[in-house]
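In: starting from these lines, generate the structure:
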Amino acid sequence: MHVPYEGEESSKYFCFYCGQEFSDIRTLTQYPCSDSPTSKHVPYEGTIKDKYLCKHCGQEFSDLRTLTQYPCSNSPRNKHEPRR
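Out: Here you go, the predicted structure:
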């Protein structure tokens with residue numbers, strides 16, 4: 001099943017669950033992600049920012065990869081997740 005990507009077109013694409021950066025959306029979606037509940041990378045559909053906030057606790061991070069690697073006691077997955 002195909003799911004449309006609703007984010008902005010970019011030269012950088014990031015996984016919502018692990019924060020890994022990819023140069024195109026196709027590459028992002030074809031590789032496995034150990035942090036995703038579906039075991040697949042899921043595109044982050046928000047915009048690229050100077051700071052990223054956790055949607056569960058509001059803690060600030062300078063990049064998505066760092067945000068997704070640390071535990072969050074307010075999250076049901078026990079990991080920080082970005083606001084869009």
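
In: tell me which element Leu28 is part of?
Out: helix 25-30 (DSSP states H and E).

In: in that helix, what's buried?
Out: Leu28, Thr29 (16 or more other CB atoms under 10 Å). To be clear about C-beta, it is placed using only N, CA and C from the backbone, and glycine gets the same treatment.

In: residues making contact with that helix?
Out: Tyr5, Tyr13, Phe14, Cys15, Gln20, Phe22, Lys40, His41, Pro43 (CB atoms under 8 Å, 6 or more residues apart in numbering).

In: thought the second one was touching Glu21?
Out: Looking back up the chat, that one is Tyr13. Yes. With contacts counted by CB atoms under 8 Å, Tyr13 reaches Glu21, the gap being 7.2 Å.

In: for Arg77, give its distance to Pro71.
Out: Distance of Arg77 to Pro71, computed by CB to CB, to the nearest Å: 10 Å.

In: those two: who's more crowded?
Out: Neighbours per residue, other CB atoms under 10 Å: of Arg77 and Pro71, the larger number sits with Arg77, 12 against 9.

In: please, where are all the helices along this protein?
Out: Here the chain has its helices, by DSSP state H, at 25-30, 64-69.

In: quick one: mean pLDDT for the last one?
Out: Spelled out, that is helix 64-69. For helix 64-69, the mean per-residue pLDDT is 94.

In: mind listing what's buried in that helix?
Out: Neighbour counts over helix 64-69 (16+ other CB under 10 Å) mark Leu64, Leu67, Thr68 as buried.

In: from the chain's centroid, how far away is it?
Out: Centroid separation between helix 64-69 and its chain, computed with CA atoms, centre = their mean, to the nearest Å, is 8 Å.

In: got the contact list for that helix?
Out: Here helix 64-69 has contacts from 14-15, 17-21, 35, 44, 52, 54, 61, 79-82, using CB under 8 Å, 6+ apart.

In: tell me the average confidence for stretch 11-31?
Out: 92.

In: follow-up on the earlier one: neighbour count for Tyr13 and Glu21, which is higher?
Out: Relative neighbour count places Tyr13 above the other of Tyr13 and Glu21, with 23 against 14, counting by other CB under 10 Å.
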